[in-house]
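1. Sharing a model prediction with you, sequence too.
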Amino acid sequence: MGRQPPDLLVSGVPTVKRVGHKGAHHIAPGNTLASFDAALECGVDMIEFDVLLERGTGRLLLAHDPPDARRPDVIELSEGLEHLRSAAYDGIELDVDLKATGYEQRVLDALREHELLDRALISTMEAESLRTIRASDPSVRLGLSIPKLRRDLLASRWTRYPTYAAAGAARRVIPIRAARAIRAGRFDALMCHWALVTGQLARAVERAGGELYVWTVDEGPRIEAFEALGVAGIITNDPRLFAERKVPGVS
């Protein structure tokens, strides 16, 4: 199994990790230093960012997909890690999301070089990448992201209702499969689309010794609902929403 992160406690009550998606994508363009700084100002516990291999140049970029990699403000992984290792980010966890296979070892090496591996959770939709990283360093925290989709099927009215129907069936089997995989040591955290998250899943992952992170939640009431389920972390494009929530035990 990978490293277990420290428990977040407020007055003895476990709290949900506040995770900024691509930094704070609704405040500043995602996967940029400005977005990371905006997330930090919002008081996040973890910053998620994407790592993509640029075909042809071999550069590791902070980008979600090839079109995103062509934006003028794209930066390389090394620049992003150098920024995130600064004193201002001390104690902030990192969710390093790999968008494809084949460059896992390079990412591990970069995190070690910048002395950030202890603060990192490496997530991906690719089971192959999880196996590669686990074989290279069994102590690294790993997260499987589900479902394996490259676009949001809930965004279109043509695909929304069939997707909801499929999600209903998936919600019944995911808790069993996720718990089994966590106990087997294949990954330590499940990064799950909000439409698939249930109380049953939260309990199953917790009992198996893992963490459940919910993505991507951009509405205050929905954040409140997932907090009530007891998930480990909530990922949002707008970390300002967390400031609107009251932390348990704090008046």
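-> Cool, got the structure.
2. residues in contact with the residue lying closest to residue 132 once chain neighbours are set aside?
-> Setting aside the residues directly before and after it, residue 132 is nearest to residue 104 in space (Cβ to Cβ, 6 or more residues apart in numbering), at 4.6 Å. Where C-beta positions appear, they are placed from N, C-alpha and C, glycine not excepted. For residue 104, the contacting residues are 98, 122, 129, 132, 133, 136, by Cβ atoms under 8 Å, 6 or more residues apart in numbering.
3. 7 Å instead?
-> Residue 104 is in contact with 98, 129, 132, 133, counting by Cβ atoms under 7 Å, 6 or more residues apart in numbering.
4. Return the entry from the residues you listed with the maximum number of neighbours.
-> Among the contacts of residue 104, the one with the most neighbours (other Cβ atoms under 10 Å) is residue 98, at 24 neighbours.
5. Any idea what it is bridged to?
-> Taking DSSP bridges, one obtains residue 51, residue 124 as the residues bridged to residue 98.
6. What spatial separation is found between it and residue 205?
-> Distance, residue 98 to residue 205, by Cβ to Cβ, to the nearest Å: 21 Å.
7. Which residue, other than its chain neighbours, is closest to residue 131?
-> residue 186 (7.7 Å).
8. before we move on, what about residue 77?
-> That would be residue 60: by Cβ to Cβ, 6+ apart, it lies 4.0 Å from residue 77.
9. One more: residue 75?
-> residue 62 (5.4 Å).
10. quick one: contacts for that neighbour?
-> Going by Cβ under 7 Å, 6+ apart, residue 62 touches 31, 49, 50, 51, 74, 75, 77, 80.
11. Recalculate using a threshold of 8 Å.
-> Taking Cβ under 8 Å, 6+ apart as the test, what residue 62 contacts is 31, 32, 49, 50, 51, 52, 74, 75, 76, 77, 80.
12. Determine the number of other residues adjacent to residue 63.
-> 26.
13. For the stretch 101-250 of the chain, which segments count as helices?
-> 104-113, 127-136, 157-183, 199-207, 220-229, 240-243 (DSSP state H, counting those that start in this stretch).
14. Bridge partners for residue 190, pull those for me.
-> residue 144, residue 212.
15. So it sits against residue 213, correct?
-> Yes. Counting by Cβ atoms under 8 Å, a contact exists between residue 190 and residue 213, whose distance comes to 7.1 Å.
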